[in-house]
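Novice: what follows is a predicted structure for the sequence shown.
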2 protein chains.
Amino acid sequence: LPPSAIKSGYKVHQLSFEQRLPLIRNKVGRRLLEIVLKKQSNLIVAADVTTSQELLSIADEVGPQICVLKTHADIIQDWTDSVSEQLVHLAKLHHFLIFEDRKFADIGNTVELQLTGGIFHIAHWADIVNAHIIAGPGTIEALSRSAEHCGVLLLAQMSSKGSLTVPEYTQKALEMAKQYEDAVFGFISLGCIGEPNFLYFTPGVHLQERGDSLGQQYTDPETVIAVQGSDMAIVGRGIIQSSDRRKAASTYRKACWDAYLQRLGDDK
Amino acid sequence: LPPSAIKSGYKVHQLSFEQRLPLIRNKVGRRLLEIVLKKQSNLIVAADVTTSQELLSIADEVGPQICVLKTHADIIQDWTDSVSEQLVHLAKLHHFLIFEDRKFADIGNTVELQLTGGIFHIAHWADIVNAHIIAGPGTIEALSRSAEHCGVLLLAQMSSKGSLTVPEYTQKALEMAKQYEDAVFGFISLGCIGEPNFLYFTPGVHLQERGDSLGQQYTDPETVIAVQGSDMAIVGRGIIQSSDRRKAASTYRKACWDAYLQRLGDDK
């Protein structure tokens, strides 16, 4: 292992996704690993766009290269039920899961309504949702009760500048995940921070850029996956703002998969 | 002061709302205090209902008694632009402000789109929004840039069981508020945790109940306002689930205002 990995405090597992699949308790987590293995893709695209047309175009363009499409339904200016129906159709066509990046962060009673109700009724179409743990276990309890067909990720670390996800906070996220392991199958984190029976998702992945003016900070796939031990790379602007999204997605898919093989020691 | 207030570590200011009005930098915060003084109401109703008809009925029924109506647009199953238009109309009619309890908790770039865009375009109709500080200052920077006509509250403490808003976290919220004082005029907290140039809003206020099955914990108005030094009491189920909401709102308004007078030493 590179010294930076040891110094960073990340746990870099060398178990393959095949070996970890039976360790994952949540069924959406296992389904995700089946897709990852079949498509040789641990690439997630963050479709941070504001119209349904763009969202659906991206889903169709990058669909064949990704394991998960990450959405923000509440930034789409013309969202209707038809958008989620078309998304689900594209997800089936191209074999990817839909991850609504809602970052639930309220008390249980409210989160339950936000997940199942409103205009979005996220639980009907999202395979994966995520939550902050700041409000306490009630948030996760509500998601695990209401999200029968959803897997949950906990935000344990964030990539933004000045984030307050200190080590004690990250530790609490790990404890809460163990407590709700039927629902929670992984974390949003900067690398691998726990055991191989959870999956680790890292946002802010970019092959060139270093940051934006609102505190986002980028890291490249090799650092995130091979050095810091994360499993899934979430790429936004690196693909979305490319003039050729299909090609960019293909480049990123290969870079992220190669970084995974490098971590296993399988790279030539 | 009761010993519990001193022991609790809350700062119980004895400045009146009149005296604090010129200390508030954000103009929505000052407008709120004008309403509070005019209506002798520091009562906020949390309209946690799932249809626009119920939401608008509540706004109309409790409107005369409240300084602020707290909404969750994303749990309303039939939300349209017309709902926010009617809400704004009722807010003008009954002189209250609208507080969308969105709990923004993402990186700046996303928060900006969530505030101004999507189906809700919250910034068009909400006077007050709130944010978690967990993602770092980028969240607040984005809100302060985009929310010209909004005041911002930071979540410094939560009333739910097992909440991770430890003292160091609360301290960070205070520091961030000072850094963005043009936009931030107060906190969601369990009592008064800082200086009198900010306002303190406490959820989970109830005259009888103690909690729910998803970790919500209740406190009565006197404890929250007179003992813990909070300014604004947020009441949900105590009013919403009452068979006579007008009467319940009137009872709560008086209880909360009396608790404020008691804190000032103005009660007989």
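Specialist: It's in. Residues are numbered from 1 along each chain as shown, chains lettered A, B, ... in the order given.
Novice: in chain A, which helix has the most residues?
Specialist: helix A:245-264 (DSSP state H).
Novice: what ranges do the helices span in the stretch 1-150 of chain A?
Specialist: For the stretch 1-150 of chain A, the helices defined by DSSP state H, counting those that start in this stretch cover A:3-8, A:17-20, A:27-39, A:52-62, A:81-94, A:108-116, A:137-146.
Novice: of these, give the one that comes closest to B:Asn130.
Specialist: helix A:108-116 (12.6 Å; Cβ to Cβ). Just so you know, the C-beta spots here come from the backbone N, C-alpha and C atoms, and that holds for glycine as well.
Novice: related to what we said a few turns ago, so which bits of the longest helix of chain A are buried?
Specialist: By neighbour count with 16 or more other Cβ atoms under 10 Å in any protein chain shown, helix A:245-264 contains the buried residues A:245, A:248-253, A:255-260, A:262-263.
Novice: got it, and stretch A:140-156?
Specialist: A:140-144, A:146-147, A:150-156.
Novice: from those residues, which two are the most distant?
Specialist: So, those by Cβ to Cβ: farthest apart are A:Ser146 and A:Ala156, at 21.8 Å.
Novice: what does the stretch 1-150 of chain A put close to chain B?
Specialist: The stretch 1-150 of chain A has residues A:48, A:50, A:72-77, A:79, A:101, A:103, A:105-110, A:112-114, A:117-120, A:132-139, A:141-142 near chain B, with proximity defined as Cβ under 8 Å from any Cβ of the partner chain.
Novice: buried among the residues you listed? Need that as a selection in ChimeraX.
Specialist: Buried residues among the residues of the stretch 1-150 of chain A next to chain B (16+ other Cβ under 10 Å), as a ChimeraX selection:
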select /A:48,72,73,74,75,76,79,101,103,105,106,107,108,109,110,112,113,114,117,118,119,120,132,133,134,135,136,137,138,139,141,142
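Novice: looking at A:Gly211 now. What's its pLDDT?
Specialist: Note for A:Gly211: predicted pLDDT of 77.
Novice: and it, how far is that from B:Ile107?
Specialist: 11 Å (Cβ to Cβ, to the nearest Å).
Novice: can you map out the strands along the stretch 101-250 of chain A?
Specialist: Secondary structure of the stretch 101-250 of chain A by DSSP state E, counting those that start in this stretch: the strands cover A:128-131, A:151-155, A:184-188, A:199-202, A:232-235.
Novice: returning to that earlier point: need the residues that contact the longest helix of chain A.
Specialist: A:12, A:14, A:16-17, A:40-43, A:45, A:58, A:61-62, A:65-66, A:205, A:207, A:220-222, A:224-226, A:229, A:231, A:233, A:235, A:238-239, A:242, A:267 (Cβ atoms under 8 Å, 6 or more residues apart in numbering or on different chains).
Novice: just the buried subset of the residues you listed, written out for ChimeraX, thanks.
Specialist: In ChimeraX, a selection of the buried entries from the contacts of helix A:245-264 looks like this (16+ other Cβ under 10 Å):
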select /A:12,17,40,41,42,43,45,58,61,62,65,66,205,220,221,222,224,225,226,229,231,233,235,238,239
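Novice: the strands of the stretch 101-250 of chain A into a markdown table, with extra columns for distance to A:Ala91?
Specialist: Listed next are the strands of the stretch 101-250 of chain A as a markdown table, based on distance: least, Cβ to Cβ, whole Å:
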| stretch | distance to A:Ala91 |
| --- | --- |
| strand A:128-131 | 11 |
| strand A:151-155 | 14 |
| strand A:184-188 | 18 |
| strand A:199-202 | 17 |
| strand A:232-235 | 16 |
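Novice: dump the ones you listed into a markdown table; add mean pLDDT as well.
Specialist: Formatted as a markdown table, those follow (pLDDT from 0 to 100):
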| stretch | mean pLDDT |
| --- | --- |
| strand A:128-131 | 98 |
| strand A:151-155 | 98 |
| strand A:184-188 | 98 |
| strand A:199-202 | 98 |
| strand A:232-235 | 98 |
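Novice: who wins for proximity to A:Lys27 among those?
Specialist: Comparing the strands of the stretch 101-250 of chain A by Cβ to Cβ, strand A:151-155 comes nearest, at 7.7 Å.
Novice: return the distance of the closest one from the chain's centre.
Specialist: The chain centre lies 8 Å from the centre of strand A:151-155; the measure is Cα atoms, centre = their mean, to the nearest Å.
Novice: again, but for stretch A:109-121
Specialist: With Cα atoms, centre = their mean, you get 21 Å for stretch A:109-121.
Novice: let me see the mean pLDDT of that stretch.
Specialist: 96.
Novice: now tell me what touches it from outside.
Specialist: A:73-74, A:79, A:84, A:100, A:102, A:104, A:106, A:122-123, A:129, A:131, A:138-139, A:142-143, A:145-147, A:150, B:48, B:50, B:72-79, B:101, B:119, B:212, B:214, B:216.
Novice: tell me the spacing between A:Ser52 and A:Gln77.
Specialist: 8 Å.
Novice: ok, which residues in the stretch 151-268 of chain A are in contact with chain B?
Specialist: Counting by Cβ under 8 Å from any Cβ, the stretch 151-268 of chain A sits next to chain B at A:155, A:158-166, A:168-169, A:172, A:212, A:214-216.
Novice: out of the residues you listed, name the ones that lie in helices.
Specialist: Counting by DSSP H, those contribute A:Glu168, A:Tyr169, A:Lys172 to helices.
Novice: will you turn those residues into CSV that also has neighbour count and pLDDT?
Specialist: Below are those laid out as CSV (neighbours: other Cβ atoms under 10 Å in any protein chain shown; pLDDT from 0 to 100):
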residue, neighbour count, pLDDT
A:Glu168, 11, 91
A:Tyr169, 21, 93
A:Lys172, 21, 95
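Novice: quick check, nearest of these to B:Ala177?
Specialist: Of these, the one sitting nearest to B:Ala177 (Cβ to Cβ) turns out to be A:Tyr169, at 20.0 Å.
Novice: for the closest one, what are its contacts?
Specialist: A:Ile133, A:Ala156, B:Leu164.
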